[in-house]
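Chemist: I'll drop the sequence and a predicted model, then ask my questions.
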Amino acid sequence: MKRSCAAALAATLFAAWLTAAPAAAETLDEILDRHFAAVGGRDKIAAVETARLTGRQQFGPQEAPFTITWKRPSKLRLEFTLQGMTGIQAFDGEQAWMVMPFLGKTDPEAVTGDDFKDMEQQADLIEGSLFNWREKGHTVELVGKEAVEGTEAWKLKLTRKSGDVSYVWLDAEAMLQIKAEGKRKRGDQEMEFESTMGDYKEVGGLMFPHSIEQRPKGAPQGMTITVEKVELGVAIDDEIFRMPAPKPAAAAGGAR
């Protein structure tokens, strides 16, 4: 009988220990697996060859319609219209360039330095830096859990191959990205920024944020990006990503 009582007590204590013991901590790979599954699956992400996003950017009272065109592996072109003029930023996988008529520059100019690095990072549009991060030469660390405006989220530290460090938050329930923070360098100055993502919608089996707000860290407001349409698998000519030759200068005085 003593043995039976002891066995029953041991079983009770063991059950209590199981109830009180914390669940095994999730690893970084498990969290990223859940994240990419929530987005639509690694295979579907990797299968996207081209994409076109259209929408509008709003900063203060000004609004600028935009079109982003992307082609694998890392070609990107952004066009936006402001004050009746159209600006272009593009990256063909090797060279970055832009046309900025608002600054009186109507000919394409090569982009270098920190601006080049930004455009190279932006060209990882569909996959994002977390996708196949090891193969891309990045480092990702699991920081832990914390609340983002009342939403429990996983916080990840991303160190890109370039050395730039940023932080990413994934909604712990939906497993979609809801926030990012990092730094951008302009000359000798370094500026901290933060982005929030929301209004996720399914397109072609993948989840895309349709509302993004970007601002300097701590600022009350910044730029709001509203995505109105996402198209996948569209026909895109490589030529649109290449920097055009400068227009020949008009002959002075005309022909004689």
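Modeler: Noted; the coordinates are in hand. Because the structure is predicted, anything quoted here is derived from the model rather than measured.
Chemist: could you check how far residue 167 is from residue 240?
Modeler: With distances taken as C-beta to C-beta, to the nearest Å, residue 167 is found 34 Å from residue 240. C-beta here means a position set from N, CA and C on the backbone, and glycine is covered the same way.
Chemist: hmm, I typed the wrong one, I wanted residue 147.
Modeler: As judged by C-beta to C-beta, residue 147 and residue 240 stand 43 Å apart.
Chemist: please apply the same query to residue 71.
Modeler: 9 Å.
Chemist: tell me which of the two has more neighbours.
Modeler: residue 71 (24 against 15; other C-beta atoms under 10 Å).
Chemist: quick one, helices of the stretch 101-250 of the chain?
Modeler: For the stretch 101-250 of the chain, applying DSSP state H, counting those that start in this stretch gives helices covering 113-122.
Chemist: where does pLDDT dip in it?
Modeler: 185-187, 249-250 (pLDDT under 70).
Chemist: show me where it has its strands.
Modeler: Secondary structure of the stretch 101-250 of the chain (DSSP state E, counting those that start in this stretch): strands located at 105-111, 139-148, 151-159, 165-171, 177-186, 189-203, 206-216, 223-232.
Chemist: point out the most buried one among those strands.
Modeler: strand 165-171 (a mean of 19; mean count of other C-beta atoms under 10 Å).
Chemist: contacts only, for residue 158.
Modeler: Residue 158 makes contact with 129, 130, 133, 138, 139, 140, 165, 166, 167, 168, according to C-beta atoms under 8 Å, 6 or more residues apart in numbering.
Chemist: pretty sure the second one contacts residue 29?
Modeler: No: the pair formed by residue 130 and residue 29 falls short of the contact definition of C-beta atoms under 8 Å, at 11.3 Å.
Chemist: turn the strands of the stretch 101-250 of the chain into CSV, including distance to residue 124.
Modeler: Output for the strands of the stretch 101-250 of the chain, formatted as CSV (distance: least, C-beta to C-beta, whole Å):
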stretch, distance to residue 124
strand 105-111, 16
strand 139-148, 14
strand 151-159, 12
strand 165-171, 13
strand 177-186, 13
strand 189-203, 15
strand 206-216, 15
strand 223-232, 16
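Chemist: for residue 43, which of these is the nearest?
Modeler: With C-beta to C-beta as the criterion, residue 43 lies closest to strand 206-216 of these, at 10.8 Å.
Chemist: residue 43 in helix, strand or coil?
Modeler: The three-state label given to residue 43 by DSSP: H, G, I helix; E, B strand; the rest coil is helix.
Chemist: go through the contacts of residue 158 and say which is closest to residue 204.
Modeler: residue 130 (19.8 Å).
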